[in-house]
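**Student:** I would like to see how this sequence folds:
(chains A, B, C and D)
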Protein chains: 2
Amino acid sequence: MQLEKQIAFLKALGDPTRMKIVHLLSGSTLHGQAIAGKLGLTPPTISHHLTKLKESGVIISRRNKNTIYFELNKKMVKQHLMSILSLIEQEEREEVEEKEKILGNFIDQNGRLKTIPSQRKKKLIVLEYFAAKLELGRKYEEKEINEFIKQFHEDFATIRREFINHQFMYRDQGIYELNPREMWLN
Amino acid sequence: MQLEKQIAFLKALGDPTRMKIVHLLSGSTLHGQAIAGKLGLTPPTISHHLTKLKESGVIISRRNKNTIYFELNKKMVKQHLMSILSLIEQEEREEVEEKEKILGNFIDQNGRLKTIPSQRKKKLIVLEYFAAKLELGRKYEEKEINEFIKQFHEDFATIRREFINHQFMYRDQGIYELNPREMWLN
DNA sequence: TATCTAATTAGATTTATATCAAATTAGATT
DNA sequence: AATCTAATTTGATATAAATCTAATTAGATA
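**Tutor:** Presented below is the predicted three-dimensional model:
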C-alpha cells in the first residue's frame, strides 16, 4: 500500500538518531562503525536504525571488502517528499476550482448574487467572496453595510445577519467590523 | 531548535492514525467527534492525536460554540516539507560546486592534471573525473590504459594503480576494465 | 445557577521502540 | 583451515506511545 510506505518513510525520519544519521550521510557516505563513533552509540544500535532507514528506502548500502558503506538515497527521499506535497497541493487546486465553479453559478455577469445558496458550504463560499471586498480594520455604520450589500443583493438584512452568524464580521453597538480571515468559518 | 521541530513534524505524520486524520482534514474541516466516528476510535484517543498534530503545526483549531473545528495547516505542512527537501537539494548543489572547484584547481587549461592531489577526497574527485572518460564494458590492454592516462598526466603507473586501488577499474590477467559507477569509492 | 455538549485530562494497560552486551554471521585475508 | 574485521542477530531492559474508561473542564444555553 502506498500509504504504508509513506508512513514507514515518515516514521523512519521521525527519530532523532535516524535524522542525525541522515544528516551525516547527506555530507558523505559512511560505514556503520564510523556512524556509531560520531553519534556515540554502539554498532548494534546503529545497525538497527540503518535497517529501518534501508527498509523505508531512505538509504542504500554498498559493500567493499568487509566494510559496508551507507549513502543517502536522495532521489527516493525527494520523491517521497514530493508525493506528500503533491497530495496537499492537489487538494488546494481542487478547492480553488470548486470555489470558482460555485461562484460562477451564483453570481451573474454584473457581479450580483442571483440567489443566496441554501447549502451551508456554498453559502459560505459566496459570503467569503463578498466579505473579502470589505476593508479590514475599518469601522462600518449599519447604513454603510446595507449600502455595500445592496450593490450585489437586495436582501441586505439577511446577508448582514449571515455575515455576523458565520463570523465574517462582528457587531458592537451598531458598529460593524470585518473579522480577520482566521475567524471566518469555512 | 529547527531540527527538533522537523522531527516533531515528521513524527506527527509518521503514525497511521494521524495520517488518516490528515487525509480526512485535507478534504474538509471536522470536529473531534466526527473524526472519532469516522475512524472508529474514542474521543480521548483522537484528542491525543490532535494535540500532537497541533503542537507540530500540522493542524489548527477554531472554536465555534461548543464545537472545535480542526483544519489542515497546508501552508505549514508545505513549508516543512520544502525545508527538508531544500536541505537535500542544497547538499547536492554544494557537492557539485565543490567538485567543480576542486577540478578547476587541479586541471589546467589543456585538460591536463597539474598534480595528483594528496588528500584522499580530492584525489577521488579527480580520478572519478578521468575515469568517467573510459568506456564501460570495453576491455583495455595495459598499453591502452597507459596511453589514455598519458593524455593528461605523465605518471601513468601511479594513476593506473590508483584506478585499481579505488575500484574505478579492475584488472584480470593484464586486461583492464572499467567498473560500474556503483563500485567507485567516493 | 443549573444543565448540556464537546473536549480534555488522569490513570491504567498494552504495544512498540531504542538501546546495550553477548553471541553469531559474512566475507576477506593469511 | 584459521583468523580477522565489520555487521548483524539475539535477548534483555527501559522508555515512549497508543488506546481505553472514568473523571474533569470549558463554554454555551436554558
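**Student:** the most centrally placed residue in chain A sits in which helix or strand?
**Tutor:** The centroid of chain A falls nearest to A:Ile88 when counting by C-alpha atoms, centre = their mean (6.0 Å). The secondary structure element spanning A:Ile88 is helix A:74-106 (assigned by DSSP states H and E).
**Student:** mind listing what's buried in the helix or strand bottoming out on mean pLDDT in chain A?
**Tutor:** Between all helices and strands in chain A, the lowest mean by mean pLDDT, DSSP states H and E belongs to strand A:169-172, at a mean of 81. Going by neighbour count (16 or more other C-beta atoms under 10 Å in any protein chain shown), the buried part of strand A:169-172 is A:Met169. All C-beta atoms are positioned from the backbone trio N, CA, C, and that covers glycine.
**Student:** how about that strand against DNA strand D, any contact?
**Tutor:** No - counting by C-beta under 7 Å from any atom of the strand, DNA strand D has no neighbours in strand A:169-172; the shortest distance is 12.8 Å.
**Student:** quick one: the helix or strand just after that strand to chain centroid distance?
**Tutor:** Past strand A:169-172, further along toward the C-terminus, the next helix or strand under DSSP H and E is strand A:175-178. The offset between the C-alpha centroid of strand A:175-178 and the centroid of the whole chain comes to 30 Å, using C-alpha atoms, centre = their mean, to the nearest Å.
**Student:** partner strands of strand A:175-178 and their direction?
**Tutor:** Paired neighbours of strand A:175-178 in the sheet (DSSP bridges): strand A:139-141 (antiparallel), strand A:169-172 (antiparallel).
**Student:** that older thread, now do the following helix or strand past the helix holding A:Ile88, average pLDDT.
**Tutor:** Past helix A:74-106, further along toward the C-terminus, the next helix or strand under DSSP H and E is helix A:120-131. Per-region confidence: helix A:120-131 scores 88 on mean pLDDT.
**Student:** okay, helix A:120-131 in CSV with CA atoms only?
**Tutor:** Listed in CSV are the C-alpha atoms of helix A:120-131, where the atom choice follows Å, rounded to 0.1, in the frame of the first residue of the first chain:
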residue,chain,number,x,y,z
ARG,A,120,-24.2,25.9,4.0
LYS,A,121,-20.9,25.2,2.2
LYS,A,122,-21.9,27.0,-0.9
LYS,A,123,-23.3,29.9,1.1
LEU,A,124,-20.0,30.2,3.0
ILE,A,125,-18.1,30.4,-0.3
VAL,A,126,-20.3,33.2,-1.6
LEU,A,127,-20.2,35.1,1.7
GLU,A,128,-16.5,34.8,1.8
TYR,A,129,-16.2,36.2,-1.7
PHE,A,130,-18.2,39.3,-0.8
ALA,A,131,-16.7,39.7,2.7
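**Student:** check which helices and strands it is in contact with.
**Tutor:** Counting by 3 or more C-beta pairs under 8 Å, 6 or more residues apart in numbering or on different chains; DSSP states H and E, the packing neighbours recorded for helix A:120-131 are helix A:74-106, helix A:156-165.
**Student:** who's the closest spatial neighbour of A:Leu50, skipping the chain neighbours?
**Tutor:** Taking C-beta to C-beta, 6 or more residues apart in numbering or on different chains, and ignoring the residues beside it in sequence, A:Leu50 has A:Phe70 as its nearest neighbour in space, at 6.0 Å.
**Student:** that neighbour and B:Gln167: what is the separation?
**Tutor:** 17 Å (C-beta to C-beta, to the nearest Å).
**Student:** tell me which of these two has more neighbours.
**Tutor:** When A:Phe70 is set against B:Gln167 and neighbours are counted by other C-beta atoms under 10 Å in any protein chain shown, the residue ahead is A:Phe70, at 23 against 16.
**Student:** tell me the residue furthest from the middle of chain A?
**Tutor:** A:Lys65 (46.9 Å).
**Student:** look up the pLDDT of that one for me, please.
**Tutor:** For A:Lys65, the predicted pLDDT is 84.
**Student:** how close does it get to chain B?
**Tutor:** Relative to chain B, A:Lys65 is positioned 10 Å away (C-beta to the nearest C-beta, to the nearest Å).
**Student:** quick one: A:Ser86 from DNA strand D, how far?
**Tutor:** Taking C-beta to the nearest atom of the strand, to the nearest Å as the criterion, A:Ser86 is separated from DNA strand D by 25 Å.
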